[in-house]
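Novice: Here you go, sequence then predicted model.
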Amino acid sequence: MKNSYIAILVLILLGTSFSGNAQQDPQYTQYMYNTQVVNPAYAGSRDMLSFGLLGRIQWVNIEGAPRTGTFTVDSPIGSLDNMGLGLSIVHDELGPAVESNINIDYSYTINTSDEAELSFGLKAGLDLLDVDFTKLNIADQSDPRFQNNIDNRLQPQIGAGIYYNTDRFYAGLSVPNFLTTKHFDESSLVNTQAETIAAERLHYFLIAGYVFDISDNVKFKPATLVKLVNGSPLQWDASANFLFNETLTVGASYRWSAALSALVGFQASDAIFIGFGYDWQTTDIEDYSDGSYEIILRFDVFNKPDRVLTPRFF
């Protein structure tokens, strides 16, 4: 038997303190390894061909909770390696809605010093939305808003970003999508005045991090992500990770008024990195959920041998 989707969404809205304004873009605990999805200027910045695959299961045991998968690939291009080209794909499921987008990411880099780079990025692609209202428990089966499913609603996406980095520091600012594309608005299920399809709100992302050498075999990296969405409270993530012997990463993260997270990663080889994250919700929703899980796999193909000797911690 289906659980009440409306009750679940009430808990979600209360637990995230969105006051009826639902978050539209997926969230990530391991954002420090998934930068290209939100900032196209990151493409090519690691000076190698790099593949990334991330899966996230949010709010385990709650029916209709978000499920997210991402795939990225990027590489420097051009005779001077001063450009980057990449592909990013995001697949997101939330209750009756399935949304996928595919984007081409392009970056152009300027060397501001011997060790520093400033990159400008553009993102362009398509967003595909499907909503199957038959998955809902609808009190009034004659409600006209839920009579026709949404099939293959296709919308364009255009975004931009800037990214600055040295071998120890990075910072970036981006807007993944400037266009007012249409999304399924789950808040409409608890607000009879809301539209079922809502316009995309602009999402602003600020990321930053710095790597400290604690000893010859230990590195420490604090990092942060700030997300601003019109109509929603500021979302702030802060993390601290330790890297031991260029192999094992252990850390923790805090999402303001939302979750505490444990992070662990393993550099299985020069080319393969595996990361795992687990979130404990600090809101009332934790009473109904067994937390959130996230795993990431990164595979690198080196075109510069010195990159193997000095892997970058971001």
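Specialist: Happy to help now that I have it. Residues are numbered from 1 along each chain as shown.
Novice: Strands along the stretch 201-314 of the chain, start to end?
Specialist: 203-210, 212-213, 218-229, 235-244, 248-255, 259-267, 272-281, 292-301 (DSSP state E, counting those that start in this stretch).
Novice: and the fifth one, average pLDDT?
Specialist: So the one you mean is strand 248-255. For strand 248-255, mean pLDDT is 96.
Novice: before we move on, what about the last one?
Specialist: Strand 292-301 shows an average pLDDT of 96 in the prediction.
Novice: Beyond the helix or strand bottoming out on mean pLDDT in the chain, next helix or strand please.
Specialist: Lowest on mean pLDDT, DSSP states H and E among the helices and strands of the chain sits helix 5-15, with a mean of 37. Counting by DSSP states H and E, the next helix or strand C-terminal to helix 5-15 is helix 35-38.
Novice: The next helix or strand after that next one: partners in the sheet, and parallel or antiparallel?
Specialist: Later in the chain than helix 35-38, the nearest helix or strand by DSSP H and E is strand 49-57. Using DSSP bridges, strand 49-57 pairs in its sheet with strand 67-77 (antiparallel), strand 292-301 (antiparallel).
Novice: now those strands as JSON lines including mean neighbour count and distance to residue 314?
Specialist: Using the backbone N, CA and C atoms, a C-beta is placed for each residue, glycine as well. Putting these into JSON lines (neighbours: other C-beta atoms under 10 Å; distance: least, C-beta to C-beta, whole Å) gives the following:
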{"stretch": "strand 67-77", "mean neighbour count": "19", "distance to residue 314": "14"}
{"stretch": "strand 292-301", "mean neighbour count": "18", "distance to residue 314": "12"}
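Novice: right, so of these, which gets closest to residue 59?
Specialist: With C-beta to C-beta as the measure, strand 292-301 is the member of the strands paired with strand 49-57 nearest residue 59 (6.0 Å).
Novice: low pLDDT regions in the stretch 51-200 of the chain?
Specialist: 139-147, 181-200 (pLDDT under 70).
Novice: As a check, name the ranges of all strands in it.
Specialist: 67-77, 83-94, 97-111, 117-131, 150-165, 169-175, 182-184, 197-199.
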